[in-house]
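In: need the 3D shape of this:
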Amino acid sequence: MLQGAVETNRRARILRKTMSLPEVLLWVALKKRPDGLKFRKQHPSGPYVADFYCHEARMIVEVDGAAHDCGDRPERDERRDAWFAERGLDVMRIPARELLNDCDAVVRGVVARAAERRATGEE
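Out: Okay, here's the model as predicted:
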């Protein structure tokens with residue numbers, strides 16, 4: 001399992017208490033363990049905090065608000081995704097507006113992708 005540094009763990013605890021509405025909507029669905037998959041919210045991983053992490057599927061789910069399109073954020077997200085990929089993790093990025101528009105469809109997509117990774121043993 002991925003582990004975070006002391007400071008990353010502190011940041012994760014704060015983020016768990018200050019989740020955005022789209023993150024909360026997704027968490028409400030994922031904490032029910034759809035298809036038997038266990039997700040963790042705001043999981044510390046090395047220098048990063050993943051919005052959601054499923055160890056069994058080796059998958060990270062990131063909810064991206066509008067800020068992810070601004071400034072140097074796209075490049076930072078690419079570096080972050082590459083860091084996770086080097087560790088055999090799949091990163092699924094979901095625009096926050098998609099969660100607000102059709103949360104059920106997003107959840108079905110997340111669960112399908114995680115279940116496929118679990119079934120194929122992708123790493």
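In: pull out the buried positions in stretch 8-27.
Out: 8, 11-12, 15, 19, 22-23, 25-27 (16 or more other CB atoms under 10 Å). All C-beta spots, glycine's among them, are computed from the backbone N, C-alpha and C.
In: nearest to residue 51, of these?
Out: residue 23 (6.0 Å; CB to CB).
In: quickly find the element holding the closest one.
Out: Per DSSP states H and E, residue 23 falls inside helix 21-30.
In: show me what that helix is packed against.
Out: strand 40-45, strand 48-54, strand 59-64, helix 96-101, helix 103-120 (3 or more CB pairs under 8 Å, 6 or more residues apart in numbering; DSSP states H and E).
In: could you tell me the angle between it and strand 59-64?
Out: 150 degrees (axes from the mean of the first three to the mean of the last three CA atoms, to 10 degrees).
In: if we can go back for a sec, okay, the buried residues of stretch 8-27 in JSON lines with distance to residue 54 next?
Out: Output for the buried residues of stretch 8-27, formatted as JSON lines (distance: CB to CB, whole Å):
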{"residue": "8", "distance to residue 54": "19"}
{"residue": "11", "distance to residue 54": "20"}
{"residue": "12", "distance to residue 54": "16"}
{"residue": "15", "distance to residue 54": "18"}
{"residue": "19", "distance to residue 54": "17"}
{"residue": "22", "distance to residue 54": "18"}
{"residue": "23", "distance to residue 54": "15"}
{"residue": "25", "distance to residue 54": "17"}
{"residue": "26", "distance to residue 54": "12"}
{"residue": "27", "distance to residue 54": "13"}
